[in-house]
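1. Just to be clear, the model below is a prediction. Sequence and coordinates:
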Amino acid sequence: DAGVTQSPTHLIKTRGQQVTLRCSPKSGHDTVSWYQQALGQGPQFIFQYYEEEERQRGNFPDRFSGHQFPNYSSELNVNALLLGDSALYLCASSWYGQGASGYTFGSGTRLTVV
Amino acid sequence: ELKVEQNPLFLSMQEGKNYTIYCNYSTTSDRLYWYRQDPGKSLESLFVLLSNGAVKQEGRLMASLDTKARLSTLHITAAVHDLSATYFCAVDFLYPMDSNYQLIWGAGTKLIIKP
């Protein structure tokens, strides 16, 4: 059973650069939610995608954008990277409207901005 | 404001002892979750609590939910070193505009269990 796959697992970028993170949801799931987890903190909701549209968004600047493809996979793009963007980025897949009771988390992408 | 508060944020305890982690939240919800996270790792789902009075147990961990008090507890019985980790509670808030949920997280409780 394929769970949620995230790539890459680790990434080092320079301030000002752009980055794209990828998430393939669990088979059968149609919704992808993205979270940022800074070191020593709880996850913060970035946004959620369903039917290739952003459905909800947390308190993140426009530098954070995303996309969902017809196969339900998703990308998270961050432009003009700041040191403060260094974090573990987690995606979770589910069925729309199910809430976190049906969440499956990926193993995350560790982004380091230098 | 939607808030989920955990306490304590840090807990150091001896093996064999019992302790409780508390999770309070600010608005109506009957869907609360507990997760475990080991250093550098992703989140592992421990408990899904979907109704008032729900109680679930797995090994030395037991979680409960009181939706009227907006409080959940995670009780650790006879702690062992392997339970050392960070524990998060998270609450699903339903947004009526799109009939969908948003998950709001506590800050986490870092638990260290000493032999």
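-> Received the coordinates, thanks. Numbers count the residues shown, from 1 in each chain, chains lettered A, B, ... in the order given.

2. Pull the number of nearby residues for the nearest residue to A:G42 once chain neighbours are set aside.
-> Spatial nearest neighbour of A:G42, chain neighbours left out: B:W105 (3.9 Å); criterion: C-beta to C-beta, 6 or more residues apart in numbering or on different chains. C-beta coordinates here come from the backbone N, C-alpha and C atoms, glycine included. Neighbour count of B:W105, defined by other C-beta atoms under 10 Å in any protein chain shown: 22.

3. near chain A, which residues of chain B show up?
-> By C-beta under 8 Å from any C-beta of the partner chain, the residues of chain B that approach chain A are B:31, B:33, B:40-43, B:45, B:48, B:50, B:88, B:90, B:92, B:94-95, B:98-108.

4. of the residues you listed, buried ones?
-> Buried residues within the residues of chain B next to chain A, counting neighbours by 16 or more other C-beta atoms under 10 Å in any protein chain shown: B:31, B:33, B:42-43, B:48, B:88, B:90, B:92, B:94, B:100-108.

5. check contacts around the residue nearest the centre of chain A.
-> Nearest to the mean C-alpha position of chain A, counting by C-alpha atoms, centre = their mean, stands A:W34 at 3.3 Å. Residues near A:W34 by C-beta atoms under 8 Å, 6 or more residues apart in numbering or on different chains: A:23, A:45-48, A:66, A:74, A:76, A:89-91.

6. swap in B:A54?
-> Contacts for B:A54 (C-beta under 8 Å, 6+ apart) come out as B:64-65.

7. again, but for the one 10 residues further on
-> B:S64 makes contact with B:49, B:53-56, B:72-73, B:75 under the criterion C-beta under 8 Å, 6+ apart.

8. Which of these are buried, as a ChimeraX select command?
-> Applying 16+ other C-beta under 10 Å to the contacts of B:S64, the buried members can be selected in ChimeraX as follows:
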select /B:49,54,72,73
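
9. So which of the contacts of B:S64 is the closest to chain A?
-> B:L49 (9.5 Å; C-beta to the nearest C-beta).

10. So B:E5 sits against B:I21, correct?
-> No - using C-beta atoms under 8 Å, B:E5 is not in contact with B:I21, being 11.4 Å away.

11. which of the two has more neighbours?
-> Taking other C-beta under 10 Å, B:E5 and B:I21 do not tie; B:I21 has more neighbours (24 against 13).

12. So that one sits against B:L71, correct?
-> No - between B:I21 and B:L71 there is no contact under C-beta under 8 Å: 11.3 Å.

13. in terms of contact, does B:A90 touch B:G108 like I think?
-> No - applying C-beta under 8 Å as the test, B:A90 and B:G108 come out as separate, 10.1 Å apart.

14. Now do the shared contacts for the two.
-> A:G42.

15. related to what we said a few turns ago, please narrow the residues of chain B next to chain A to those residing in helices.
-> Per DSSP state H, helices hold no members of the residues of chain B next to chain A.
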